[in-house]
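Engineer: Need coordinates for the below:
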Amino acid sequence: MQKTLLVATAALALVAGCKSEPAAEKPAPAEAKAPVAAPAVEIDAARLQLFAPLPEVITTAETKLTEERISLGRMLYYETRLSKNHDLSCNSCHDLANFGVDGKKFSEGHKGQLGGRNSPTVYNAAGRHVQFWDGRAAHVEEQATGPIMNPVEMAMPDEKRVVATLRSIPTYVEAFQKAFPEEKDPISLQNVGVAIGAFERKLVTPSRWDRFLGGEKDAITDAEKAGFDKFVDGGCVTCHMGAYVGGTMFQKLGLVKPWPNQADQGRFEVTKNEADKMMFSVPSLRNVAKTGPYFHDASAESLEQAISMMAEYQVGRQLPVEDVKSIATWLQTLTGSIPAEYIVKPELPASTDKTPKPEAI
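Structural biologist: Numbering: from 1, shown residues only. Model (predicted):
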C-alpha cells in the first residue's frame with residue numbers, strides 16, 4: 001500500500017512539473033525596415049555660375065521701348081499686307097501660340113516656295129548675339145525687315161510698296177506718328193523693323209530653370225538636376241551657356257566630325273571668308289523641347305536625336321541612351337511660359353481704296 005502511494009505521488013509530481021515548465025517562446029517577427037531615401041542630387045554651385053535667369057525684357061542702351069512702339073509692332077507682326085500676296089505675316093513662320101515656330105522643316109513663303117533653312121523661334125531671340133543662322137543681321141530690329149523683302153518669303157518688291165501700303169491705311173498713319181513723334185515722315189521700312197523689334201523684345205519665356213537659378217531649389221526634380229550634370233559633363237556647356245543657354249557665339253557645325261550636309265556653308269555665304277565655312281550662330285536652347293525639328297537643315301526630328309548628333313559631331317562622343325534621355329529631361333526645364341495676354345492678335349485696320357492690291361502671280 002505504501003509503495004502504491006509513493007508511485008502515485010511521483011506520477012503527480014511529474015505531471016505537475018510538466019505543467020509548470022514554460023512553453024518555448026516563438027521568435028519575435030523582424031521589424032520592417034523603412035526604405036532608405038535616395039540622396040538628393042545637388043548641383044555644384046560653380047557650375048551654375050555659367051548661367052543666369054532671363055531678364056523681364058530684353059533691352060540695350062540703344063533701344064527705346066515705348067507702349068506706342070510696342071503696340072504698333074504687335075499689329076505689324078500679324079499684318080499680312082506686308083507680304084506681296086497679302087497672305088503671310090511674321091506670325092506665319094514664327095507662330096507665337098506655338099513657341100514661336102511653325103513646326104515645319106522649312107517654312108512656306110510666297111507662292112509656296114520653301115526657305116533654305118529651318119525657321120528658329122522668335123521667343124527670347126532679341127537676346128541672341130546676332131540674328132539669322134548666318135548672323136547677317138545684328139539685332140531683331142534689322143532682322144524683322146529681312147523676310148518682308150525676301151522674294152522667297154513675304155516677297156515685297158521694294159520699300160516703296162511697303163510704305164505705300166501703310167500710308168493708305170489711316171490707322172497705321174496715326175500709329176506711326178504716335179510711335180515716332182520726333183519724325184516728320186515716320187513711315188519707313190526701317191521703322192517697321194524698329195516697331196516689330198520693340199514688340200519682340202518682350203517675348204520672354206521664364207521657366208522652372210529660372211526659378212531654380214533664383215534660389216527655388218525644388219523648382220526642378222532630382223532627375224532634372226542629374227540631367228544638367230550630364231549636360232555639363234558631356235561638353236554641351238562649351239557653347240550653350242548664359243541666360244539663353246546659347247545664342248552667344250558662332251561655332252563650326254561638325255567641329256570634330258564633318259557634318260553630313262555640307263550644302264549650306266553657313267556664315268561663309270555672307271562673308272566669303274574661308275574660316276567661316278560651316279560656321280553658324282549657336283541657337284538658344286530655351287523652349288528647345290517645343291521647337292523641333294532641329295538645326296539649320298532640320299536634320300533632327302526629335303530632341304534625343306539632336307542631342308546624340310551634337311555629341312557625335314561636336315564633341316566626338318557616342319552618348320549612351322540613358323545619358324541622352326537624362327539630358328533631354330533637364331532640357332524640359334527650359335520650356336517657359338508663353339505670355340498669352342501679350343501675344344493676343346490685335347484687331348487690324350481695314351484696307352482702303354488706295355491700299356495696293358495683292359499680287360497673286
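Engineer: Model confidence for the residue lying closest to residue 150 once chain neighbours are set aside, exactly?
Structural biologist: Distances taken as CB to CB, 6 or more residues apart in numbering place residue 109 nearest to residue 150, at 7.3 Å, with adjacent residues excluded. C-betas here are computed from N, CA, C, even on glycine. The per-residue pLDDT reported for residue 109 equals 97.
Engineer: quick one: residue 109 and residue 116 touch, right?
Structural biologist: No. The criterion here is CB atoms under 8 Å, and residue 109 misses it with residue 116 at 10.5 Å.
Engineer: Neighbour count: these two, which is higher?
Structural biologist: For residue 109 versus residue 116, neighbours defined as other CB atoms under 10 Å are more numerous around residue 109 (22 against 13).
Engineer: what's the spacing between residue 345 and residue 355?
Structural biologist: 20 Å (CB to CB, to the nearest Å).
Engineer: and for residue 109 and residue 116, which residues touch both?
Structural biologist: Shared contacts of residue 109 and residue 116, defined by CB atoms under 8 Å, 6 or more residues apart in numbering, comprise residue 152.
Engineer: In contact with the most centrally placed residue in the chain, which residues?
Structural biologist: Most central in the chain under CA atoms, centre = their mean is residue 287, positioned 2.0 Å from the mean C-alpha point. The neighbourhood of residue 287, defined by CB under 8 Å, 6+ apart, consists of 99, 100, 121, 123, 124, 205, 207, 334, 335, 336.
Engineer: Let me know the closest of those to residue 278.
Structural biologist: residue 121 (22.4 Å; CB to CB).
Engineer: Show me where the stretch 151-300 of the chain has its helices.
Structural biologist: Remark: helices assigned in the stretch 151-300 of the chain by DSSP state H, counting those that start in this stretch are 159-167, 170-179, 189-200, 208-213, 222-233, 268-271.
Engineer: low-scoring pLDDT stretches of the stretch 201-350 of the chain, where are they?
Structural biologist: In the predicted model, the stretch 201-350 of the chain carries no residue with pLDDT under 70.
Engineer: Would you map the strands across it?
Structural biologist: Secondary structure of the stretch 201-350 of the chain (DSSP state E, counting those that start in this stretch): strands located at 250-252, 279-281.
Engineer: Retrieve the pLDDT associated with residue 18.
Structural biologist: For residue 18, pLDDT reads 39.
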